[in-house]
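Chemist: return a 3D structure for these sequence lines:
(one chain, ligands or ions: 1)
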Amino acid sequence: MSTDPTPPQIDTSPAWKALQRHAETLQQTTLNQLFAANPQRGSQFSARSSNIYFDYSKDHLTEQTLALLFDLADTANLTTAINDLFDGKPVNNTENRPALHTALRSGGQGKSGVDQEASSVLKQVCEFAEQVRQGTIRGSTGKPFENIVNLGIGGSDLGPRLAVEAFPELHLPSIHSHFVANIDSDDLSAVLPRCSPDTTLFIVSSKSFSTLETLTNANTAKTWLREAGITEQDIARHFVAATGHRAGAVALGISPERIFPVEDWVGGRFSLWSAIGLPLAITLGPEVFKQVLGGAQEMDKHFCETPFARNLPVLHGLQTIWHINFRDYKSRAVLPYVHKLRRLPDYLQQLVMESLGKSTTKEGLNIPYPTGQVIWGSEGTNGQHSFHQLLLQGTETTPIDFITTRTAHCEASSHQQLLSNCLAQSKALMQGKSIAQAHEELLTKGASESQAQLLARHHAVPGNRPSNTLLLDELKPHSLGSLLAFYEHSVYVQSVIWNINAFDQWGVELGKEMGTELFSLLNAPESDSARHNQLDSSTSALLAYLHNSRPPR
Ligand code: F6P
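Modeler: Predicted structure coming up:
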């Protein structure tokens, strides 16, 4: 791989330079000014797909900004890159693989060549799920399963957990699902007492089948079953695996007919649509799983067929480029005003930050411009009583995605409250309150002139803070699928502009390697000063402290 320090093309392109110049001219323009200048701005700077309304008007974007961003997209050959993704070209170049999560939801109709294979795995997963739901597949004592425990982490946990928690009303009452990710034994320990060994099914979800957390938890689960008197032979009846490493699952004792394949062309954070979705298929039912896939497929179609000016993921992806590279915003808050979508920020953290946290181009050149974005957030309205203070009055500008539903997903009156709070927050962030307004208000409320003078600056809100509002038509499996695919494609758009590989995650490997080394040092009977001396002095001192303070064995 080249180590040539030549800067990559995109930031030297005329389109990039034009955006830089344009950003400078727009620097002093406020959102209030943009709205005052164009009464149609709200409807003009919005777009919709079949089930999502996307308002991006509360952002420093003009028609010219969009035109320049589309030029940038053309410079980066975005249209070709979208076709490459769906055609199964090796867009994951460091692993020489395609990224075909879209084939998993194509209903066998895609053009990548793996669509039939994807449909056949989906069929197997759905059949198995249905048999568990019906009680035809049972535990070792012949009782139907009452608890399923997903053992997986990262992409093998976050997507199924989000989807399962989003639709509690669709859960089969006879089966409870649990998710255990952490290597911290307290995670699994909190779940096991709620389960009975003879009616518990463990799903080992791991594409690689080499993830320490998942394998540790799977082995603990086996021990738990064994200690409950389930024979070695019968333990396999309490396990199923979703993995790309069949031999690893067999070695753990999982029956071959209970191993559902996750192909290497599916990235972990894009794997909800694969056999990794098994917990969803069992808990919510195969039909619901298919609705989630259908919603994602609809967004795929929208992404492929809609002109950029109305294409939700393209608009969102380009807007993010605008934010990061031309307005210097470093993070994005994702605020679902839907309690049932409270896991969404966690899910998007992995999707966005593992995909785009890169500093080399696909060809291995250093990237001289910022990429990636810190994603954070939590459910509304809770955040209003905590971190919104910083969003409203802090010194850093953080763009926000407000997400809620057009039709009530909860009690009608509570939905109205959510909607009004959501709209109020984006309005307050945009409009703010001037010192003069605050001063006037204080006087009206009875403050003395000197009090009003003192407090007005504290009560003033700068405003001019950008946010998007995404309105799902309704909270349904179908719209969740669309929403997640929307973010996946926005990520892809950003990666194409930056010329980075969104589908590998080499960085995380280093921590895993060092973790193994430190585990061995930590567990050595004696503090090994020779090996400690090879470490940095911080790690070495911490290890020595831990060794010296541990109780004698
Ligand atoms: O460590 C990062 C990662 O590889 C993610 O990309 C992945 O989703 C997660 O770990 C779990 O991996 P696996 O499914 O192979 O256990």
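Chemist: got a list of what the residue of the stretch 251-400 of the chain found nearest the ligand touches?
Modeler: Residue nearest to the ligand within the stretch 251-400 of the chain: G268 (2.5 Å; C-beta to the nearest ligand atom). Just so you know, the C-beta spots here come from the backbone N, C-alpha and C atoms, and that holds for glycine as well. For G268, the contact set (C-beta atoms under 8 Å, 6 or more residues apart in numbering) comprises 154-156, 207, 505.
Chemist: check L348 too.
Modeler: Contact criterion C-beta under 8 Å, 6+ apart gives 334, 375, 487 as the residues in contact with L348.
Chemist: make TSV out of those residues and add secondary structure.
Modeler: Putting those into TSV (DSSP: H, G, I helix; E, B strand; the rest coil) gives the following:
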residue	secondary structure
V334	strand
I375	strand
Y487	helix
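Chemist: turn these into JSON lines, columns for neighbour count, distance to the ligand and pLDDT.
Modeler: Below are those laid out as JSON lines (neighbours: other C-beta atoms under 10 Å; distance: C-beta to the nearest ligand atom, whole Å; pLDDT from 0 to 100):
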{"residue": "V334", "neighbour count": "24", "distance to the ligand": "19", "pLDDT": "98"}
{"residue": "I375", "neighbour count": "21", "distance to the ligand": "15", "pLDDT": "98"}
{"residue": "Y487", "neighbour count": "23", "distance to the ligand": "16", "pLDDT": "98"}
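Chemist: make JSON lines out of the residues you listed and add distance to K17.
Modeler: Formatted as JSON lines, the entries for those read as follows, by distance: C-beta to C-beta, whole Å:
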{"residue": "V334", "distance to K17": "31"}
{"residue": "I375", "distance to K17": "29"}
{"residue": "Y487", "distance to K17": "29"}
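Chemist: between the residues you listed, which is nearest F260?
Modeler: Among those, Y487 lies closest to F260 (C-beta to C-beta), at 25.1 Å.
Chemist: got the contact list for the closest one?
Modeler: 313, 316, 348, 351-352.
Chemist: again, 7 Å this time
Modeler: With contact set as C-beta atoms under 7 Å, 6 or more residues apart in numbering, Y487 has these partners: 348, 351.
Chemist: and S206, by the same measure?
Modeler: If a contact means C-beta under 7 Å, 6+ apart, then S206 has 152, 156, 214, 243 as its contacts.
Chemist: restricted to buried residues, select those in ChimeraX.
Modeler: Here is the ChimeraX command that selects only those of the contacts of S206 that count as buried (16 or more other C-beta atoms under 10 Å):
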select :152,156,214,243
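Chemist: mind checking which of the contacts of S206 are in strands?
Modeler: Within the contacts of S206, residues falling in strands by DSSP state E are T243.
Chemist: leaving out sequence neighbours, find the closest residue to F45.
Modeler: With sequence-adjacent residues excluded and distances taken as C-beta to C-beta, 6 or more residues apart in numbering, F45 is closest to S57, at 3.6 Å.
Chemist: which of the helices or strands spans the one you found?
Modeler: Per DSSP states H and E, S57 falls between elements, in no helix or strand.
Chemist: was I right to think D71 contacts K17?
Modeler: No - between D71 and K17 there is no contact, the gap being 10.7 Å when judged by C-beta atoms under 7 Å.
Chemist: mind checking the SS state of I403?
Modeler: strand.
Chemist: report pLDDT for it.
Modeler: According to the model's per-residue confidence, I403 sits at a pLDDT of 98.
Chemist: same check, this time on L543
Modeler: With respect to pLDDT, L543 has a value of 89.
Chemist: D115 now?
Modeler: D115 is given a pLDDT of 88.
Chemist: circling back: ramachandran coordinates for the residue of the stretch 251-400 of the chain closest to the ligand?
Modeler: As for G268, its main-chain torsions (degrees, to the nearest 10) stand at phi -50, psi -50.
Chemist: do the same with P525
Modeler: Backbone torsions of P525, given as degrees, to the nearest 10, read phi -60, psi -40.
Chemist: could you do F179 as well?
Modeler: Comment: the main-chain dihedrals of F179 come out as phi -130, psi 130, following degrees, to the nearest 10.
Chemist: how near is L542 to the ligand?
Modeler: Using C-beta to the nearest ligand atom, to the nearest Å, we find L542 at a distance of 23 Å from the ligand.
Chemist: run a quick neighbour tally on that residue.
Modeler: For L542, the count of nearby residues is 14 (other C-beta atoms under 10 Å).
Chemist: which ones are touching it?
Modeler: By C-beta under 7 Å, 6+ apart, the contact list for L542 is empty.
Chemist: pretty sure it belongs to a helix, no?
Modeler: Yes - counting by three-state DSSP, L542 is located in a helix.
Chemist: the strands in this protein, which residues?
Modeler: For the chain, applying DSSP E gives strands covering 46-48, 52-55, 147-151, 176-180, 200-205, 239-243, 259-261, 331-336, 374-376, 400-405, 467-472.
Chemist: redo those as a markdown table? Include distance to A190.
Modeler: Supplementary listing: the strands of the chain in a markdown table, determined by distance: least, C-beta to C-beta, whole Å:
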| stretch | distance to A190 |
| --- | --- |
| strand 46-48 | 42 |
| strand 52-55 | 36 |
| strand 147-151 | 11 |
| strand 176-180 | 8 |
| strand 200-205 | 14 |
| strand 239-243 | 20 |
| strand 259-261 | 27 |
| strand 331-336 | 25 |
| strand 374-376 | 25 |
| strand 400-405 | 29 |
| strand 467-472 | 32 |
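Chemist: quick one on the thing from earlier: of the contacts of S206, closest to A118?
Modeler: T243 (15.9 Å).
Chemist: tell me if I'm right that the closest one and V266 touch.
Modeler: No - distance between T243 and V266: 11.2 Å, which falls outside the contact criterion (C-beta under 7 Å).
Chemist: ok, and which of the contacts of S206 reach the ligand?
Modeler: If you filter the contacts of S206 for contact with the ligand, counting by C-beta under 6 Å from any ligand atom, you are left with 156, 214.
Chemist: so which of the contacts of S206 sit within helices?
Modeler: Using DSSP state H to define helices, the subset of the contacts of S206 located there is T214.
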